[in-house]
Structure formats: structure tokens, C-alpha cells
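Visitor: My questions are about this predicted structure, shown below with the sequence.
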Amino acid sequence: QKEVEQNSGPLSVPEGAIASLNCTYSDRGSQSFFWYRQYSGKSPELIMFIYSNGDKEDGRFTAQLNKASQYVSLLIRDSQPSDSATYLCVPRGSGGGADGLTFGKGTHLIIQP
Amino acid sequence: GAGVSQTPSNKVTEKGKYVELRCDPISGHTALYWYRQSLGQGPEFLIYFQGTGAADDSGLPNDRFFAVRPEGSVSTLKIQRTERGDSAVYLCASSLTVGGSSDTQYFGPGTRLTVL
């Protein structure tokens, strides 16, 4: 079963700083990952998808994937209080995405004004 | 366009009763997924449909849970003889295709089920 490990937090970061969210995985068959954001009381919302080694940037968000080290991260630049949420690192299914996603508890991020 | 919708948004029932939760996926999405999320936990996969058929129901916790998607669009999750432990938020997601670059799952707002 595809699983990831994330520090559940809370991770507290001052406003304007870079928030760094980390995720390690054990299944070398995992080739790509989603990052979902979930606000309290709301449903998960996709913010990034990464499948290649290296960095992928989208606005203030940068996802990083290192397959050799089995490590995925999400950086949030110029963090805002509105970024306070739980961030979920999710491996894409083995059947090219046909599987149901396996979620962990995620990392609870708090941006302090 | 419209996203995934779920009804009702909240459902309160008594132990032992039967409930139905409805999901209306994004128009044209062929794959539909049900998840359950308990407080403080990540979503837990229940079942996935490709078209009308359940392609993977390995996450259903027991035979009290059943889901259908008769016309390949709207899906209903059915729970018989509800128990207090069934209380959770039930999330539905849909994706355009299975596999490839269009399999991103988009989630609905969820139905909060409370079993008294």
C-alpha cells in the first residue's frame, strides 16, 4: 500500500516567511504525487501535482520531488495567514491514477500574522 | 463550470437507521470516488466507479455499506443499520478519466453524517 510520512505539526511560520512542508515515502513504485490543501471543515483542494524529479513552480508554491531520496516537499513563499490549513502529500495510484488515493493526516500549517 | 456537488450537506440520524448520501460529479467525468474522513484523520478511500461499475470497492468497511452509480453519473452511497462509528464526513470526488494526465480528483464539499 502506498504510504507517506508527514510531520503532523502544527508547523508555525511567521507571515511572509517560507513555509516548508516535507513528505517521505517508502514505495519506490510511487512515481508522482499530489499536494492537496484542506481548510478546516472543508474538502481537499488540489494545489500541485509533480511527477518529475526536480522542482515545479506555480505562483508562490514550489513542489520538489527527489526519487532517489524518496522525498517530496512543498514550499510556500511569502506565506499568508490564508495559507493556514492542513497540507496532504498523496501518492498517485499505481494504475496510472485508477486507484483511490491514500491520504495520511497531513501537516497542519499555521501562518502567524 | 459546476464542481462536484453532494447532498445533503448534513445528515443526522439515529443508530440503526438507513441513510443515503448523494454525489453529483463534474459533468463528463467518468470516474467517481467515495471517501470517508473522521475528525483529525485524512480521507479514507471507500469505493471507486469507472462508469456504472464499481472498479474497486476494497475500502468499504463492511457489508452495511453499498454504493451505486446506475447511469454512470450520479452516485448514491447507502449505509444500512447505521452505527455511531459511522459518524464522519463522507467525501465524493470525480476525475475526467482514469489514468493519464486527466485523472486528477476533484472533491465535493462532503456530507457530514452524525449517528446519534
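Guide: On my side now, so go ahead.

Visitor: From now on I want contacts and neighbour counts done on CA atoms only, so please keep to that.
Guide: Will do.

Visitor: quick one: low-confidence ranges for chain A?
Guide: For chain A, residues meeting the criterion pLDDT under 70 lie at A:1-2, A:93-99.

Visitor: need the helix or strand of chain B with the lowest average pLDDT.
Guide: The helix or strand of chain B with the poorest confidence is strand B:53-56; it has a mean of 87 (mean pLDDT, DSSP states H and E).

Visitor: buried set for it?
Guide: B:54, B:56 (16 or more other C-alpha atoms under 10 Å in any protein chain shown).

Visitor: do the same with stretch B:23-30
Guide: Across stretch B:23-30, burial judged by 16+ other C-alpha under 10 Å covers B:23-26, B:29-30.

Visitor: same question, stretch B:28-45
Guide: Under the neighbour-count criterion of 16+ other C-alpha under 10 Å, stretch B:28-45 has B:29-37, B:42-45 buried.

Visitor: and which of those is nearest to B:Cys92?
Guide: Nearest to B:Cys92 out of those is B:Trp34 (C-alpha to C-alpha; 4.6 Å).

Visitor: which residues touch the closest residue in space to the closest one that isn't next to it in sequence?
Guide: Take B:Trp34 and drop its neighbours on the chain: the residue closest to it by C-alpha to C-alpha, 6 or more residues apart in numbering or on different chains is B:Cys92, 4.6 Å away. Residues counted as contacts of B:Cys92 (C-alpha atoms under 8 Å, 6 or more residues apart in numbering or on different chains) are B:4, B:6, B:23, B:25, B:32-35, B:107-110.

Visitor: Now tell me what touches stretch B:30-47 from outside.
Guide: A:88, A:100-106, B:25, B:48-51, B:54-61, B:67, B:72-73, B:75, B:77, B:87-98.

Visitor: Go again with 7 Å.
Guide: A:100-106, B:25, B:48-51, B:56-60, B:88-98 (C-alpha atoms under 7 Å, 6 or more residues apart in numbering or on different chains).

Visitor: Can I get the buried ones among those residues as something I can paste into ChimeraX?
Guide: A single ChimeraX command selects the buried members of those (16+ other C-alpha under 10 Å):
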select /A:100,101,102,103,104,105,106 /B:25,48,49,50,51,56,57,59,60,88,89,90,91,92,93,94,95,96,97,98
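
Visitor: Can you pick out the ones from the contacts of stretch B:30-47 that are in strands?
Guide: B:48-50, B:56, B:88-95 (DSSP state E).
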